[in-house]
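K.L.:
Structure here, sequence nowhere to be found:
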């Protein structure tokens with residue numbers, strides 16, 4: 001049974017990995033796909049940067065065929081530049097493009113809360129300008145021959161929770177699905193998550209609605225699905241150091257038993273993840289960026305604090321492997 005369809009994309013359980021800046025790079029996405037994520041989204045890409053041939057775009061937008069379905073996410077506030085950039089990404093027609101296949105769709109970021117994005121009128125700042133948001137969605141939808149989705153928040157602040165209005169505007173202007181993060185921009189990532197507004201959005205539009213925010217285990221996932229009647233779930237910080245979360249949720253949805261990975265299995269995946277990072281980025285950059293990921297994999301476990309101190313000083317793959325081996329001795 002297919003629970004979610006976006007254009008010609010069909011997902012059995014509707015499980016997405018969120019576009020996490022500085023986290024959901026190619027290596028992490030591949031690991032999450034292997035463990036149950038059904039669709040992934042790139043780290044957000046600046047439409048202006050792409051317009052001016054920024055060399056970072058090729059790296060951020062790189063993916064392989066085994067990652068499909070895959071969406072590229074862009075941010076910006078100029079409809080014309082957003083449309084131009086979306087077309088470039090949809091057709092792999094940009095400087096130093098590394099892809100041999102085309103992405104499945106374009107996702108528009110209207111939810112990023114960080115000051116350097118929202119402060120420039122992009123990301124979640126568009127929650128304050130619904131008409132402009134509609135112009136952007138219409139321009140992008142008209143520029144590409146693939147599904148366009150939009151990621152929003154519940155609103156800018158407690159006095160302007162306008163996710164329902166934004167979702168209706170998105171649908172009217174060509175969006176094929178909407179993802180709602182149940183927090184306002186001013187909340188950033190603080191609780192509580194407003195699941196009522198996600199439910200309201202689901203009831204207000206006919207396109208698929210994907211819920212985001214506070215999904216950290218099977219229990220919270222099922223509660224979100226049952227209460228909001230949403231069509232899919234987008235997992236963000238809950239997957240950091242825990243790509244197995246997708247398997248756990250899929251088992252809960254399908255009524256199958258979930259067997260939690262042992263510490264040895266968990267760290268085997270962590271090292272697979274790190275090797276992928278190094279393969280894509282080189283050892284120095286890969287190790288520097290892998291430090292936070294390995295710390296997430298062991299967070300809350302016995303001996304994690306001491307191991308994390310060593311991880312944060314590691315300069316090579318060999319050092320990280322030695323730290324992991326020593327950590328595992330605590331569990332044998």
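P.N.:
Structure received. This is a predicted model, so every value here is computed, not measured.
K.L.:
Would you mind measuring from the residue nearest the centre of the chain to residue 91?
P.N.:
Nearest to the mean C-alpha position of the chain, by Cα atoms, centre = their mean, lies residue 18 at 1.5 Å. Look at residue 18 and residue 91: by Cβ to Cβ, to the nearest Å, they are 25 Å apart. To be clear about C-beta, it is placed using only N, CA and C from the backbone, and glycine gets the same treatment.
K.L.:
Which stretches in this structure count as helices?
P.N.:
26-34, 47-51, 56-60, 79-90, 115-118, 130-143, 163-172, 195-204, 218-228, 245-254, 263-281, 283-298, 304-311, 317-329 (DSSP state H).
K.L.:
Low-confidence stretches in the stretch 101-250 of the chain?
P.N.:
Of all residues in the stretch 101-250 of the chain, none has pLDDT under 70.
K.L.:
related to what we said a few turns ago, assess the claim that the residue nearest to the centre of the chain and residue 236 are in contact.
P.N.:
Yes - between residue 18 and residue 236 there is a contact under Cβ atoms under 8 Å: 3.8 Å.
K.L.:
Between these two, which contacts overlap?
P.N.:
residue 212 (Cβ atoms under 8 Å, 6 or more residues apart in numbering).
K.L.:
quick revisit: to residue 104, which of the helices of the chain lies closest?
P.N.:
Among the helices of the chain, helix 79-90 comes nearest to residue 104, with 9.8 Å by Cβ to Cβ.
K.L.:
Contacts only, for residue 74.
P.N.:
Contacts of residue 74 (Cβ under 8 Å, 6+ apart): 44-47, 50, 82, 85-86, 89, 106-109, 140.
K.L.:
need those in CSV with distance to residue 152 and neighbour count, can you?
P.N.:
Output for these, formatted as CSV (distance: Cβ to Cβ, whole Å; neighbours: other Cβ atoms under 10 Å):
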residue, distance to residue 152, neighbour count
44, 14, 25
45, 18, 25
46, 19, 21
47, 17, 29
50, 22, 25
82, 15, 26
85, 19, 27
86, 17, 29
89, 20, 27
106, 15, 25
107, 11, 27
108, 9, 28
109, 9, 25
140, 14, 28
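K.L.:
returning to what we had before: dump the helices of the chain into CSV; add distance to residue 66 as well.
P.N.:
As requested, those are arranged in CSV below (distance: least, Cβ to Cβ, whole Å):
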stretch, distance to residue 66
helix 26-34, 7
helix 47-51, 25
helix 56-60, 18
helix 79-90, 19
helix 115-118, 30
helix 130-143, 26
helix 163-172, 30
helix 195-204, 31
helix 218-228, 25
helix 245-254, 16
helix 263-281, 12
helix 283-298, 20
helix 304-311, 29
helix 317-329, 23
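K.L.:
out of the ones you listed, which comes closest to residue 212?
P.N.:
helix 195-204 (8.3 Å).
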